[in-house]
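# fold the following and give me the result.
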Amino acid sequence: MGRGPRPAPRRRQTHHPTRRHPLVGIRRPATTINHPPSCGGIRLRKKGPIMTHLNGIDISHWQTGIDLAAVPADFVIVKATQGTGYVSPDCASQVEQALKLGRIVGIYHYVGGGDAKREAQFFYENCSNWRTKVFWCIDWEAEQNSAYGNVAYLDAVVGEVARLTGKPPIIYAGAVGFPWDVARRHNSGTWCAQYANMNRVDGYQSSPWNEGAYSCTIRQYTGTGRLPGYNGDLDLNKFYGSAAQLRAYIPGSTGGAQPSKPSTPARKSNEQIASEVIAGKWGNGTDRVNRLRKAGYDANAVQQIVNKRLGAASKPAAPARKSNDQIAAEVIQGRWGNDPQRSAKLRAAGYDPTAIQNIVNKRLGAATTPARKSNDQIATEVIRGNWGNEPQRSQRLRAAGYDPTAIQQIVNRRLA
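Prediction:
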């Protein structure tokens, strides 16, 4: 999610300032509030026409300065806090901007572990002036969360936020390992993240991948979405219901639907994901491992399939990493074979083939990789046949650091 602390993709090397942003919330003592009727997820029908839905984005300090007036969104969810000491520096600006535009607004707290009750209070203290203006969410992920896997900890955070605000917060997590039982126990809405892949998605999708396999309140279906008005990646979300139903999650409101009864989500097989890894769709190294885990896949299991296909010994993902110099020495010794297979093996093992080749060239007295050619120059070479045919061409382009899709678009335009 665009959330906080993922080191990648794009996205996210969370920093943790210790001081509270002066504009976020008004500190108030925690008070007990009688619970009004709360609402849970919206049931998603597996057959028949799709019900009313809303499109929205979630943002954090990674979208600092975003002009929400220029970006189409029925709702906006903003990162507010993390753990017990971090406040997103652009939270106040983003929330106030969205409210002034008349958008339905949510805020979320990224769980850090340590002290469940104190985390919930920290979230509330920094955002209490928006208590009846926004819906509240809890972000439950593995990265930078020492309590991950301990659903009792999450249960305590959710319960305390519900006590302070007067309504259960919506729970965000990945589809695989989603804390459905906690959501049921608190009658919380469910905000479920599941991506088909990490490819760019232009515009909102009316029927996201795997829709209908299980029920959820909000589906986050990509972290690499693009929308008019913002030149960068955005998390795109679909809410299954009307504007009135989404507003029902705001403390002080009434109404809403009964929580959904989720079923186990369907997903691509590890074999399919391994094919995408070999094709370079999931990135390299730690970046790839994080993306696979975020999408709900076992990075070790996928890596073993990749290794088997490429003739490498089966081994867990993200082992103690050898330096590029060590790998270059192995390349010179012939342990990694020849291109294009060598680049594919290096990439599958989490190394940058171009960086390795530069070291090899330097040691052997060859010139390092020349100044990068433009996409137009490469497209000309593709038309001449310099880069071969598919699928080898895409692999070679990617190994050389070019985007095969962008190159192909130029080729198609010229040959149209």
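
# which residues touch Leu101?
Leu68, Ala69 (C-beta atoms under 8 Å, 6 or more residues apart in numbering). C-beta here means a position set from N, CA and C on the backbone, and glycine is covered the same way.

# against Gly56, how distant is it?
Going from Leu101 to Gly56 by C-beta to C-beta, to the nearest Å gives 13 Å.

# list the buried residues of stretch 188-208.
Buried positions in stretch 188-208, judged by neighbour count with 16 or more other C-beta atoms under 10 Å: 188-198, 201, 204-205, 208.

# swap that for stretch 278-293, please
The neighbour-count criterion (16+ other C-beta under 10 Å) identifies 278-280, 282-285, 287-293 as the buried residues of stretch 278-293.

# return the subset of these lying in helices.
In this view, the buried residues of stretch 278-293 that belong to helices under DSSP state H are Ile278, Gly285, Asp287, Arg288, Val289, Asn290, Arg291, Leu292, Arg293.

# so which of the residues you listed comes closest to Asp155?
Arg293 (22.5 Å; C-beta to C-beta).

# quick one: that closest one and Gly177 touch, right?
No: using C-beta atoms under 8 Å, Arg293 is not in contact with Gly177, being 9.7 Å away.

# and the strands in this protein, which stretches?
According to DSSP state E, the chain carries its strands in the segments 54-59, 75-82, 86-87, 104-110, 135-139, 170-174, 190-193, 201-202, 218-227, 230-239.

# could the ones you listed be laid out in CSV, adding mean pLDDT?
Shown next, in CSV, are the strands of the chain (pLDDT from 0 to 100):
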stretch, mean pLDDT
strand 54-59, 98
strand 75-82, 98
strand 86-87, 94
strand 104-110, 98
strand 135-139, 98
strand 170-174, 97
strand 190-193, 96
strand 201-202, 96
strand 218-227, 96
strand 230-239, 97
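
# these: which one's closest to Ala400?
strand 218-227 (22.1 Å).

# can you list the strands that the closest one pairs with?
Strand 218-227 has the following sheet partners, assigned by DSSP bridges: strand 190-193 (parallel), strand 201-202 (parallel), strand 230-239 (antiparallel).

# distance to Asn358 added to these, as TSV?
Output for the strands paired with strand 218-227, formatted as TSV (distance: least, C-beta to C-beta, whole Å):
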stretch	distance to Asn358
strand 190-193	37
strand 201-202	33
strand 230-239	28
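
# out of those, which gets nearest to Asn307?
Asn307 sits nearest to strand 190-193 of all the strands paired with strand 218-227, at 27.6 Å, using C-beta to C-beta.

# and the gap between Asp67 and Gly232?
With distances taken as C-beta to C-beta, Asp67 is found 12 Å from Gly232.

# and these two? Which one has more around it.
Shown here are Asp67 and Gly232; by other C-beta atoms under 10 Å, Gly232 has more neighbours (13 against 9).

# where along the stretch 1-150 of the chain do the helices fall?
For the stretch 1-150 of the chain, the helices defined by DSSP state H, counting those that start in this stretch cover 91-100, 116-127.

# any stretches of the protein with poor pLDDT?
For the chain, the stretches flagged by pLDDT under 70 are 1-51, 255-267, 312-320, 366-371.

# let's see it at 50
2-50, 257-265, 314-318, 367-369 (pLDDT under 50).

# where is the longest helix in it?
Secondary structure of the chain per DSSP H: the longest helix is helix 151-165.

# angle of that helix against helix 116-127?
Helix 151-165 and helix 116-127 are oriented at 40 degrees to each other (axes from the mean of the first three to the mean of the last three C-alpha atoms, to 10 degrees).

# what helices and strands are in contact with helix 151-165?
helix 116-127, strand 135-139, helix 180-186 (3 or more C-beta pairs under 8 Å, 6 or more residues apart in numbering; DSSP states H and E).

# point out the most buried one among these.
Comparing the helices and strands packed on helix 151-165 by mean neighbour count (mean count of other C-beta atoms under 10 Å), strand 135-139 ranks first with a mean of 27.

# so what strands line up beside it?
Strand 135-139 has these strand partners (DSSP bridges): strand 104-110 (parallel), strand 170-174 (parallel).

# with just CA atoms, put the shortest one into PDB.
C-alpha atoms of strand 170-174 as PDB (Å, rounded to 0.1, in the frame of the first residue of the first chain):
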ATOM      1  CA  ILE A 170     -11.500  -0.500   8.900                       C
ATOM      2  CA  ILE A 171      -8.700  -3.100   8.800                       C
ATOM      3  CA  TYR A 172      -6.100  -3.100   6.000                       C
ATOM      4  CA  ALA A 173      -4.000  -6.100   5.200                       C
ATOM      5  CA  GLY A 174      -2.900  -8.300   2.300                       C
END
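
# and the contacts of it?
Strand 170-174 is touched from outside by 1, 3, 106, 108, 135-141, 154, 158, 179, 182-183, 188-194, 217-218, 220, 249, 293-296, with contacts defined as C-beta under 8 Å, 6+ apart.

# how far out from the middle of the chain is that strand?
12 Å (C-alpha atoms, centre = their mean, to the nearest Å).

# on that earlier part again, as JSON lines, the helices of the stretch 1-150 of the chain with distance to Ala379 would be great.
Shown next, in JSON lines, are the helices of the stretch 1-150 of the chain (distance: least, C-beta to C-beta, whole Å):
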{"stretch": "helix 91-100", "distance to Ala379": "39"}
{"stretch": "helix 116-127", "distance to Ala379": "50"}
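
# quick one: closest of the ones you listed to Ala344.
Ala344 lies closest, by C-beta to C-beta, to one member of the helices of the stretch 1-150 of the chain: helix 91-100, at 41.6 Å.

# tell me what the closest one is packed against?
Contact here means 3+ C-beta pairs under 8 Å, 6+ apart; on that basis helix 91-100 packs against strand 75-82, strand 104-110.

# can I get these in CSV with mean neighbour count and distance to Gly212?
Output for these, formatted as CSV (neighbours: other C-beta atoms under 10 Å; distance: least, C-beta to C-beta, whole Å):
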stretch, mean neighbour count, distance to Gly212
strand 75-82, 28, 22
strand 104-110, 27, 24
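
# now those in a markdown table, with distance to Ala379?
Listed next are the helices and strands packed on helix 91-100 as a markdown table, based on distance: least, C-beta to C-beta, whole Å:
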| stretch | distance to Ala379 |
| --- | --- |
| strand 75-82 | 38 |
| strand 104-110 | 42 |
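
# out of those strands, which is closest to Gln303?
When the helices and strands packed on helix 91-100 are compared by C-beta to C-beta, strand 104-110 sits nearest Gln303, at 27.4 Å.
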